[in-house]
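K.L.:
Based on what follows, work out the 3D shape:
(one chain, ligands or ions: 1)
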Amino acid sequence: MALSHLLLYTLFIFSIIISIQSSSSSSEDTPITRFQQYLRFITTHPNPNYTAPISFLLNQAQTIGLTTRTIEIVSNKPILLLTWLGSNPNIPSILFNSHLDSVPAESDKWIHPPFSAHRTINGNIYARGAQDDKCIGVQYLEAIRNLKSRGFVPLRTIHISYVPEEEIGGFDGMMKFADSSEFRDLNLGFAMDEGQANPGDEFRVFYADRTPWELVIKAKGAPGHGAKLYDNSAMENLMKSVELISKFRETQFDFVKAGRFANSEVISVNPVYLKGGTVTSSGFVMNMQPSEAEAGYDLRLPPMTDPDVMRKRIDEEWAPSIRNMTYTVKEKGMLRDHLGRPLMTPTNDSNPWWSIFKQAVEATGAKLAKPEILASTTDSRFIRNLGIPVLGFSPMSNTPILLHDHNEFLEDTVFMKGIEVYESVISALSSFEGVSGQVI
Ligand SMILES: [Zn+2]
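P.N.:
Alright, predicted model coming up:
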């Protein structure tokens, strides 16, 4: 009897606590709670839910007073486009992009469930996507909400895009969108996309991505007895290439170790698999030299790389036909834009957008780190390919880099500072009148 009373009492207390918690979180409607709401949508691959976050964003956009359009180039992979018309819609517009999808999360390895958007007493908001990149998706909207409430009127039209599929290469997302007439009709002069966090107190900014190439080299040779010494076996041919590639890798890495270049400024080439040998049910046959062997490499090329020189190196040194080698290279992106220029956005006075962006960030009291090349890839490469300047930027300073990691979080104060930074950036960029005699 006493035990059941105690149980009932405990349940009663629990229900009160739960109702207080849920009423306080549901009654509040602030930038932070809207960020938490957006974080709670399960947008992870392989089956991201795009419908729910898009209807949330549509709702927000309507409240703020933005025009909305959903574009479905690939079915069930919608793109959401929000627009704030400028007072001069004839001059090139500006775009703020983010992706809707996220990488998966292993819930059991997180201290708070990855889709709870739990906010700790210190203000850390835990969620998959908190850094990559749902923060910017909400910050763009909150910045515009504030600008509108202050009566700000942009000169240039401002677009915000939410695209699917970035985490799996962007091929059914931004790649197809950038190639569409809808995108061309936006008449973009400049765009911004996601960046990365910085544990230090400066904001990082990215002017290029590295381009991934997938290289597979294959060697053939006469098979023979394990005891026989002879030239041009498949294994020997492959090992010669492996040595040459390792040397190249070492040279590139030495530049980084010597402090001459950043990691993302050199060509990385890393072995990802080796395949060879003659296999039976009891394992590898040890007294046979096989007739085939192969190796796979992950290459990442900064935009300064001459793709022709790289292709020649692979063809003549790493997998030459004179050593019975063949190869395949999957170039998972481009190194040159449609006019043949290296795929990077200038971060000097030659690019007026850069100067405006930098001043706008600094006007909020924040500091910008030295512009960087991103070691991996983002959707911005598809926009740069069209010759449109793009900067990668997610305003997260004093924040550990946790994208794709367990326990991804963003502190509420960092999130709020980001809104202030975007207010400054969006108002400055959209007020840019252009340079006389040039279409910018
Ligand atoms: Zn991302």
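K.L.:
phi, psi of the spatially most central residue of the chain?
P.N.:
Central residue of the chain (C-alpha atoms, centre = their mean): T378, 3.8 Å from the mean position. Dihedral pair for T378: phi -140, psi 180, per degrees, to the nearest 10.
K.L.:
wait, it sits on E166?
P.N.:
Yes - using C-beta atoms under 8 Å, T378 is in contact with E166, at 7.0 Å. Backbone N, C-alpha and C define where each C-beta goes, glycine included.
K.L.:
Which residue is the nearest non-sequential neighbour of H406?
P.N.:
Excluding the flanking residues, the one nearest H406 by C-beta to C-beta, 6 or more residues apart in numbering is K109, at 4.5 Å.
K.L.:
how about that neighbour, phi and psi?
P.N.:
According to degrees, to the nearest 10, K109 has phi -100, psi 10.
K.L.:
Look at the one residue in the stretch 151-300 of the chain that gets nearest to the ion and report its pLDDT.
P.N.:
Nearest residue of the stretch 151-300 of the chain to the ion: E194, at 4.8 Å (C-beta to the ion). pLDDT recorded at E194 is 98.
K.L.:
For it, list the residues it contacts.
P.N.:
97-99, 132-133, 136, 378-380, 392-394 (C-beta atoms under 8 Å, 6 or more residues apart in numbering).
K.L.:
just those that are near the ion?
P.N.:
132-133 (C-beta under 5 Å from the ion).
K.L.:
Filter the contacts of E194 down to the ones in helices?
P.N.:
136, 380 (DSSP state H).
K.L.:
so can I have a markdown table of the contacts of E194 showing pLDDT?
P.N.:
Putting the contacts of E194 into a markdown table (pLDDT from 0 to 100) gives the following:
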| residue | pLDDT |
| --- | --- |
| N97 | 98 |
| S98 | 98 |
| H99 | 98 |
| D132 | 96 |
| D133 | 97 |
| I136 | 98 |
| T378 | 95 |
| D379 | 96 |
| S380 | 96 |
| G392 | 98 |
| F393 | 98 |
| S394 | 98 |
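K.L.:
Closest one to V216 out of the contacts of E194, please.
P.N.:
T378 (25.3 Å; C-beta to C-beta).
K.L.:
Y273 - nearest residue in space that isn't next to it in sequence?
P.N.:
Per C-beta to C-beta, 6+ apart, closest to Y273 is G296, 4.4 Å.
K.L.:
And what about the one you found, helix, strand or coil?
P.N.:
The assignment at G296 comes out as strand when based on DSSP: H, G, I helix; E, B strand; the rest coil.
K.L.:
got the residues of the chain near the ion?
P.N.:
Counting by C-beta under 5 Å from the ion, the chain comes close to the ion at 132-133, 194.
K.L.:
show me what contacts the closest residue in space to H118 that isn't next to it in sequence?
P.N.:
Excluding its sequence neighbours, the residue lying closest to H118 (C-beta to C-beta, 6+ apart) is H112, at 3.9 Å. The contact partners of H112, taken as C-beta under 8 Å, 6+ apart, are 118, 120, 126, 407.
K.L.:
Next secondary structure after the helix or strand hosting S355?
P.N.:
Element membership of S355 [criterion: DSSP states H and E] is helix 352-362. Using DSSP H and E, the next helix or strand after helix 352-362 towards the C-terminus is strand 367-368.
K.L.:
other SSEs contacting that following strand?
P.N.:
Judged by 3 or more C-beta pairs under 8 Å, 6 or more residues apart in numbering; DSSP states H and E, the packing partners of strand 367-368 are strand 202-203, helix 352-362.
K.L.:
Turn those into CSV, including distance to A262 and mean pLDDT.
P.N.:
What follows is those, written out as CSV (distance: least, C-beta to C-beta, whole Å; pLDDT from 0 to 100):
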stretch, distance to A262, mean pLDDT
strand 202-203, 15, 98
helix 352-362, 19, 98
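K.L.:
Mind putting those into CSV with mean neighbour count and distance to A61?
P.N.:
CSV is the format used below for the helices and strands packed on strand 367-368 (neighbours: other C-beta atoms under 10 Å; distance: least, C-beta to C-beta, whole Å):
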stretch, mean neighbour count, distance to A61
strand 202-203, 19, 26
helix 352-362, 18, 23
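K.L.:
Could you point out which of the residues of the chain next to the ion is nearest to E28?
P.N.:
Of all the residues of the chain next to the ion, D133 has the smallest distance to E28: 24.0 Å, by C-beta to C-beta.
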